[in-house]
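>>> Sharing a sequence plus its predicted fold:
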Amino acid sequence: MAAVVLDDAVSGGGGGGRAGCMTSHDVVGGGSLESYRYYVSRRTVMEMLNDRGYNVADSDLTRSLTGFRTAFGQNPDLDRLTICASLRSNSKNKIMVIFCGTDEIRKASVRAIYANLLNKDISSLMLVLQSKMNSYARKELENYPYKVETFHISELLVNVTNHVLQPKYEILSAEEKKHLLRKFKLEDKKLPLMLETDAFARYYGLEKGQVVKITYRGGAVGALKTYRCIV
């Protein structure tokens, strides 16, 4: 049996059991902590891009820590960690992911990044930060002619969608959204809401006005579907 709800009937669950005691040496596999952080965060970005519909090689999704260190070393050159991927549905739509250094990101830093991208044919940009970005720099990002997303590297050390209790997310197309609203005789502002700053909205790159279908499985009802409009 499946149920469809339009109100906030179920909340996403976190939690999980506690792992056994583990030293940092065990976690990083005997290598540098720096390389481990880059390995995990870059893998999460690859998973994120794949889930958004970008072309990502299987080798980038399955690469081991040892394989990463073999390819990039214990102290990776950040330029080599750069990712450029195109949408599977439209190869002209490309995103670039740049890993920034540990210095504070200032207005001049943002302008320098843009200058280096002038000859790049991209549609959006993602910056992985390791330090603070001041308000002047964030304001400068608004001058970019395409969407710019920022994630701190600490946000990418865990893929928020991989928890066993997390539901399935499906982004509705404009036509699917129209059909949904017509079916239930609603305006999108009457749907339950999800903030654009929500961790899952950010993971999937959702924008204001988009609608996502969330399917929860298990429990007495078998499957429960609900919808959220991004605000």
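Now that the structure is in, tell me what you want to look at.

>>> what's the neighbour count on residue 106?
Applying other CB atoms under 10 Å, we find 15 residues neighbouring residue 106. Where you see a C-beta, it was placed from the backbone N, CA and C, and this is true even at glycine.

>>> swap that for residue 197, sorry
9.

>>> pull the CA atoms of the helix or strand where residue 110 lies into CSV?
Per DSSP states H and E: residue 110 is located in helix 107-116. In CSV, the C-alpha atoms belonging to helix 107-116 read as follows (Å, rounded to 0.1, in the frame of the first residue of the first chain):
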residue,chain,number,x,y,z
LYS,A,107,37.1,40.0,-3.0
ALA,A,108,40.4,39.9,-4.9
SER,A,109,40.4,36.1,-4.6
VAL,A,110,36.9,35.9,-6.2
ARG,A,111,37.9,38.2,-9.0
ALA,A,112,41.0,36.2,-9.7
ILE,A,113,39.0,33.0,-9.9
TYR,A,114,36.6,34.6,-12.4
ALA,A,115,39.5,35.9,-14.5
ASN,A,116,40.9,32.4,-14.8
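
>>> what's next to it, contact-wise?
Under the criterion CB atoms under 8 Å, 6 or more residues apart in numbering, residues 98, 100, 103, 127, 133-134, 136-137, 139-141, 143-144 lie in contact with helix 107-116.

>>> Can I get the buried part of those residues as one ChimeraX selection?
Selection of buried members from the contacts of helix 107-116 for ChimeraX, criterion 16 or more other CB atoms under 10 Å:
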select :98,100,127,133,137,140,141
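
>>> So which of the contacts of helix 107-116 sit within strands?
98, 127 (DSSP state E).

>>> Adding distance to residue 80 and pLDDT as columns, could you present the contacts of helix 107-116 in CSV?
Listed next are the contacts of helix 107-116 as CSV, based on distance: CB to CB, whole Å; pLDDT from 0 to 100:
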residue, distance to residue 80, pLDDT
98, 11, 98
100, 14, 98
103, 19, 96
127, 16, 98
133, 22, 97
134, 27, 97
136, 29, 97
137, 24, 98
139, 30, 97
140, 26, 97
141, 24, 97
143, 28, 95
144, 23, 97
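
>>> CSV please, covering the contacts of helix 107-116 and showing distance to residue 214.
Formatted as CSV, the contacts of helix 107-116 follow (distance: CB to CB, whole Å):
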residue, distance to residue 214
98, 31
100, 32
103, 39
127, 28
133, 31
134, 36
136, 37
137, 34
139, 34
140, 35
141, 30
143, 35
144, 31
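
>>> Identify the farthest-apart pair in the contacts of helix 107-116.
Comparing every pair within the contacts of helix 107-116 by CB to CB identifies 103 and 143 as the most remote, at 21.0 Å.

>>> can you count the residues close to residue 76?
Using other CB under 10 Å, the number of residues around residue 76 comes to 20.

>>> Spatially nearest residue to residue 125, not counting backbone neighbours?
Leaving aside its sequence neighbours, residue 125 sits nearest to residue 148 (CB to CB, 6 or more residues apart in numbering; 4.8 Å).

>>> so that neighbour touches residue 141, yeah?
Yes - in this structure, residue 148 is within contact of residue 141 by CB atoms under 8 Å, at 4.7 Å.

>>> Low-confidence bits of this structure, can you list those?
1-28, 164, 219-221 (pLDDT under 70).

>>> so how far is stretch 188-197 from its chain's centroid?
Offset of stretch 188-197 from its chain centre (CA atoms, centre = their mean, to the nearest Å): 19 Å.
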